[in-house]
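> Prediction below, plus the sequence it came from.
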Amino acid sequence: MRRTGVAIRRWHERGMVRRWDAQSARLRGPFSGMEAATLVAHFQRRTEPRFLPGFSEPHIAPASLEPTLLPNETATLISAAELIVADSRWPLLGLGEIAFGSPPNWHRDPLSGYLWPLEYHADLNLLRNDGSDVRTLWELNRLSHLVTLARAYAVTNDERFSGEFFRHVASWHSHNPYGRGANWTSAMEVSLRAMNLLGAFEVFRRSDWLDETTLATLLALFDHHGRFIRQNLEFSYLATSNHYLSNVVGLLWLGVMLPELEKAEEWRDFGLRRVLQEMDRQVLADGADFEASTGYHRFVLELFLYSFILCRTNAIEIEERYWKTLHQMLEFVCAYLRPDGNAPLIGDSDGGQVLPISNRSADDHAYLLPLGAVVFNDPRLKLPKIPIPPELLWITGEQAVREYEGLMTATRPAGSHAFPDAGVYVLRDNDLYLLFNAGGAGITGRGSHGHNDALSIEVSACGRGFIVDPGTYVYTANLRQRHLFRSTAYHSTVQIDGAEQNTTEEQTPFVIGDEAQPRVLEWETGPELDIIEAEHYGYRRLLQPVTHRRRVVFNKRQRYWFVSDQITGAGEHELTFRFHFGSGLVASVRSDAFVEVCDKMKSAKLLIGASKQNEGSAGPPELEACFSSRDYGIKQPSLSACWSLRTELPFGLSFVIIPICAGEDEFERLRLARDTNRQSPIGNRQ
């Protein structure tokens with residue numbers, strides 16, 4: 001019935017897009033008959049509603065505080081805005097700075113050059129597999145560079161920046177008729193674009209460039225965006241995701257910030273109600289987003305955090321239990337950040353941001369913690385070595401910066417932490433960090449952004465990441481690479497008979513099976529040892545079913561990890577044990593069969609050694625050439641260590657992982673690990 005309703009609405013919309021495109025904004029009550037000049041004056045002078053605090057009075061807070069508080073950031077900001085004006089050039093995802101033309105061609109794929117046609121949005125095929133990637137086109141058309149212009153204008157009061165803003169708005173409006181082209185194919189993209197436009201408009205509405213024509217264009221755009229989102233909600237009774245959440249957040253923001261529009265109250269009430277419902281659905285009991293992705297956890301956290309701040313700023317009440325859930329989401333980030341301050345890239349990470357104040361790489365999540373520290377007055381979220389981010393000033397305002405400076409910095413080092421609903425276990429002690437992934441496919445088993453990473457690990461030591469998740473790279477631009485980066489072979493776990501843990505198909509890049517279903521058998525943390533043990537069932541669908549069980553023991557006193565893999569079942573199988581290393585690391589196989597991984601300066605290294613637990617031999621390890629992707633659209637060469645053999649089951653293989661930091665004696669570290677493991681009842685049980 002719902003699909004029939006969608007089809008009917010699409011049939012109606014198809015016949016109305018040209019008429020709606022030509023319509024001016026639908027204004028409410030007294031505003032509908034207001035003279036154009038009076039309406040301009042109203043928007044230039046109004047004090048209610050208020051946008052996010054740093055934007056609400058940019059001529060006071062950011063203009064006076066940012067150059068003093070963040071001088072380097074301010075210089076970078078002004079240079080970026082100058083580049084937009086002079087060369088129509090700005091950074092996009094991980095692709096670096098791109099010249100988009102003046103005016104920009106809003107339909108040209110920045111990655112491949114493909115020119116997307118202006119067809120009715122529902123008729124477009126987004127999965128072309130010809131090098132084009134609608135994700136990069138969408139990023140261009142989120143118009144986040146307009147926020148850069150707005151911030152620069154607030155700091156400098158340079159009308160060149162406001163002129164460029166209004167020119168780009170007029171260009172986008174004239175080249176993107178309502179409901180036609182790739183930029184209208186996703187209500188999520190329409191929502192994020194509307195939110196960026198709202199942020200920029202909050203600053204530029206005070207500019208002399210705002211006149212009857214420019215205001216009419218902007219109000220029509222806002223009304224078109226709200227209408228489209230409401231009529232094309234990405235809702236499913238089976239499962240909603242960050243797409244639908246973005247839809248309702250967009251409606252909430254439009255409804256709150258534009259009460260002059262006829263539909264504003266309806267959008268606000270509907271949006272707020274559904275945002276809170278989605279928090280109940282999409283955030284697990286331990287505070288993690290349910291899509292099995294740290295990248296989308298960051299994105300969803302931004303949606304909730306910024307929306308809650310917007311509501312609080314405008315005296316819109318939200319129940320305390322939702323604030324508690326938001327706090328849990330921040331605590332999850334605090335727990336999974338590596339000691340170097342970067343985030344592990346579990347699952348998909350496309351680099352998406354909400355109202356981007358700074359262009360952040362996909363593994364940069366730490367900037368959200370200062371905002372959380374102020375919002376919740378929680379010094380535990382004020383971590384050392386995290387500088388004050390510009391987001392703190394622009395999202396929460398000048399007073400929040402003062403409050404953050406007054407908070408005590410967390411002095412107690414982060415410890416080990418379990419997130420059983422997410423299946424994420426962090427074994428941590430000072431600079432040593434291991435993340436154990438026992439999470440499922442995501443979205444309560446339906447998946448979309450999960451990877452085949454069951455029982456995989458990440459290891460960081462001596463101030464840098466060594467064993468890492470290779471990331472995402474791209475979505476639809478290259479389906480083979482998309483399939484590779486989410487494959488079992490690209491994660492630090494065990495592969496059996498070349499099979500995938502969960503079924504995936506190259507031609508369906510956002511579908512993943514739910515066969516693995518990891519189950520934690522033991523979790524124990526203490527002052528000297530952490531132990532995590534889990535198994536998964538993804539290989540039980542093989543002709544001869546197999547179960548993989550992995551146990552990790554973290555010896556905090558002697559500073560090493562012991563990883564034990566048990567492969568149970570019957571018959572002969574091909575077993576492959578892999579550990580993926582970060583790009584820029586140098587790896588080699590030593591004469592003692594240890595794999596040595598170090599940075600180019602050799603200031604720190606990681607040793608990985610294997611020993612069999614029963615008959616059979618894994619043979620010497622090999623180094624495989626692969627890739628890692630820290631941000632969407634780029635990849636760098638990297639290496640993985642691989643132990644392979646064909647053997648009868650059951651079979652077990654154990655690994656010792658020993659970090660050697662600068663100044664430590666390697667021989668002594670190896671001896672201690674060997675002696676401790678031999679004497680320990682836990683080690684003997686391995």
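Here it is on my side, so go on. Not measured: the values here are computed from a predicted model.
> make it CA atoms for all contacts and neighbour counts henceforth
Noted.
> show me where the stretch 501-650 of the chain has helices.
Remark: helices of the stretch 501-650 of the chain are absent; assignment by DSSP state H, counting those that start in this stretch.
> do the same with the stretch 351-500 of the chain
368-375, 390-396, 398-406, 479-485.
> Over to the stretch 201-350 of the chain?
Remark: helices assigned in the stretch 201-350 of the chain by DSSP H, counting those that start in this stretch are 212-231, 242-257, 264-282, 294-313, 320-336.
> could the ones you listed go into TSV alongside mean neighbour count and distance to Val520?
TSV is the format used below for the helices of the stretch 201-350 of the chain (neighbours: other CA atoms under 10 Å; distance: least, CA to CA, whole Å):
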stretch	mean neighbour count	distance to Val520
helix 212-231	20	41
helix 242-257	26	27
helix 264-282	19	22
helix 294-313	22	20
helix 320-336	19	18
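> now those in TSV, with mean pLDDT and distance to Leu143?
Formatted as TSV, the helices of the stretch 201-350 of the chain follow (pLDDT from 0 to 100; distance: least, CA to CA, whole Å):
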stretch	mean pLDDT	distance to Leu143
helix 212-231	98	13
helix 242-257	98	14
helix 264-282	98	22
helix 294-313	98	17
helix 320-336	98	27
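> okay, those helices in JSON lines with distance to Ala662 next?
Output for the helices of the stretch 201-350 of the chain, formatted as JSON lines (distance: least, CA to CA, whole Å):
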{"stretch": "helix 212-231", "distance to Ala662": "55"}
{"stretch": "helix 242-257", "distance to Ala662": "43"}
{"stretch": "helix 264-282", "distance to Ala662": "43"}
{"stretch": "helix 294-313", "distance to Ala662": "31"}
{"stretch": "helix 320-336", "distance to Ala662": "25"}
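> Out of these, the one nearest Leu146 is which?
Nearest of the helices of the stretch 201-350 of the chain to Leu146, taken as CA to CA: helix 212-231 at 13.3 Å.
> and the closest one, what other elements does it pack with?
In terms of contacts (3 or more CA pairs under 8 Å, 6 or more residues apart in numbering; DSSP states H and E), helix 212-231 is packed against helix 2-22, helix 36-45, helix 159-175, helix 187-204, helix 242-257.
> Quick check: which of the ones you listed is buried the most?
Across the helices and strands packed on helix 212-231, averaging neighbours per residue (mean count of other CA atoms under 10 Å) puts helix 242-257 on top, at a mean of 26.
> Spell out, range by range, the strands that occur in the stretch 351-500 of the chain.
In the stretch 351-500 of the chain, the strands defined using DSSP state E, counting those that start in this stretch lie at 417-419, 424-429, 432-437, 456-461, 464-467, 494-496.
> Residues contacting whichever strand or helix holds Ala150, please?
For Ala150, the enclosing helix or strand under DSSP states H and E is helix 145-156. Defining contact as CA atoms under 8 Å, 6 or more residues apart in numbering, one finds that helix 145-156 is touched by 58-59, 62-64, 66-67, 77-78, 80-81, 90, 158-159, 161-162, 164-165, 196-197, 199-200, 203-204, 355-357.
> cool, stretch 324-342 as well?
For stretch 324-342, the external contacting residues (CA under 8 Å, 6+ apart) are 283, 286-289, 301, 304-305, 343-344, 363-366, 368-369, 372, 376, 381, 386, 414, 417, 426, 430-433, 435, 460-461, 463-465.
> Can you tell me how far the residue nearest to the spatial centre of the chain is from Ser79?
What sits nearest the mean C-alpha location of the chain, by CA atoms, centre = their mean, is Gly295, with 2.3 Å. For Gly295, the distance to Ser79 (CA to CA, to the nearest Å) stands at 28 Å.
> wait, isn't Phe485 in contact with Thr472?
Yes. The criterion here is CA atoms under 8 Å, and Phe485 meets it with Thr472 at 5.7 Å.
> Between the two, point out the one with more neighbours.
Just comparing Phe485 and Thr472: by other CA atoms under 10 Å the higher neighbour count belongs to Thr472, 31 against 27.
> show me the contacts for that one.
Going by CA under 8 Å, 6+ apart, Thr472 touches Gly347, Asp348, Ser349, Asp350, Arg482, Phe485, Arg486, Ser629, Asp631, Tyr632.
> Farthest-apart pair in these, please.
So, the contacts of Thr472 by CA to CA: farthest apart are Arg486 and Asp631, at 14.6 Å.
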